[in-house]
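Chemist: Here's a sequence, model it:
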Amino acid sequence: MRYIDTHTHLDFPDFDADRQQVLQRSEHAGVERLIILGVYQKNWDRLWQLVEADSRLFGAFGLHPVYLEQHQPSHLDDLAQRLERLAAHPQCCAVGEIGLDYFLPEPDRQRQQTLLDAQLSLAASANLPVLLHVRRAHADTIAMLKRHRLPRAGIVHAFAGSQEEAKEYIRLGFKLGLGGAATWPQATKLRRTLAALPIDSLVLETDAPDMAPHFQAHQRNSPEYLPQICRELAALRGEPVEIFAQACLHNSCELFSWPTAAVI
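Modeler: Predicted structure coming up:
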């Protein structure tokens, strides 16, 4: 079976000691493409150096709401210039990780919304999908997406909303990212919701090194665990793992305009 990890942070220092070994193990497990997401301006160059050196890697650039205090107005200009330069590059695949996070202590909601609004506009101009981080902010995120109506939509990373919220995202053309969180038995609400989601709306992710699945509790997450995550999610949904894995692969390729046959 073949897999695409649609959400990793393989550029983080957590992987500095063994990044190539992780990639080799992931490829051996069937993980053929990995997307690395930028979260603040100072990590974009490092991210892109990794991507350009390895055909298995794809890059996205964005300003993450968790790092709001690090972002400067000039960073939006830098993002616009980078997207103008790289949007047509075959390994530049999205704008992200961007979004809204109201779980943060004393979140500056207005500033987060202003930042997201600007980045959604940049994604539309570059004709790229967006990779969204959304915590306790689905209503505001959906409202903003309805205003923008992005031509290529994107992925709601680590989706943990309700079935109604899922339907709203799907109507807007978005895929829903599934990873290690739903493998935890105590995540009862999330597991019920995910079991009912339409298969053509789903993609796989790890968020490595974060959001470890239950079988790697309190350890570094890694793209090499994606096949086992896939098996557990398929079982949760009562589907043959081959069908579930193929659907997630197809959905990812469709979103990023990658021919499925070309993923080797």
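Chemist: May I see the buried residues of stretch 162-170?
Modeler: Neighbour counts over stretch 162-170 (16 or more other Cβ atoms under 10 Å) mark Glu165, Ala166, Glu168, Tyr169, Ile170 as buried. (Each C-beta comes from the backbone N, C-alpha and C, glycine too.)
Chemist: Closest one of those residues to Ile142?
Modeler: For the buried residues of stretch 162-170, the minimum distance to Ile142 (Cβ to Cβ) is 4.8 Å, reached by Glu168.
Chemist: ok, so what distance separates the closest one from Asp45?
Modeler: When distance is defined by Cβ to Cβ, to the nearest Å, Glu168 is 36 Å away from Asp45.
Chemist: next one: Leu204
Modeler: Distance, Leu204 to Asp45, using Cβ to Cβ: 28 Å.
Chemist: Please apply the same query to Phe15.
Modeler: According to Cβ to Cβ, Phe15 and Asp45 sit 17 Å apart.
Chemist: More neighbours: those two, which one.
Modeler: Higher neighbour count among Phe15 and Asp45: Phe15, with 21 against 12, using other Cβ atoms under 10 Å.
Chemist: Name the nearest residue to that one, ignoring sequence neighbours.
Modeler: Val22 (5.9 Å; Cβ to Cβ, 6 or more residues apart in numbering).
Chemist: Look at the one you found and say how many residues are nearby.
Modeler: 22.
Chemist: what about it, which helix or strand?
Modeler: Using DSSP states H and E, Val22 maps to helix 19-28.
Chemist: Compute the inter-axis angle for the following helix or strand past that helix and helix 19-28.
Modeler: Using DSSP H and E, the helix or strand that follows helix 19-28 towards the C-terminus is strand 31-37. On the basis of axes from the mean of the first three to the mean of the last three Cα atoms, to 10 degrees, strand 31-37 is oriented at 130 degrees to helix 19-28.
Chemist: pLDDT on the very next helix or strand once past strand 31-37, on average?
Modeler: The first helix or strand that comes after strand 31-37 along the chain, using DSSP H and E, is helix 44-52. Mean pLDDT, helix 44-52: 98.
Chemist: what about the residue nearest to His75 when sequence neighbours are not counted, neighbour count?
Modeler: Nearest non-adjacent residue to His75, counting by Cβ to Cβ, 6+ apart: Gln41, 4.2 Å away. Neighbourhood size, Gln41 [other Cβ under 10 Å]: 20.
Chemist: 49 is where my numbering starts, stick with that
Modeler: Renumbered: residue one is now 49, and that last one reads Gln89.
Chemist: Am I right that Gln89 is in contact with Leu127?
Modeler: Yes - using Cβ atoms under 8 Å, Gln89 is in contact with Leu127, at 7.5 Å.
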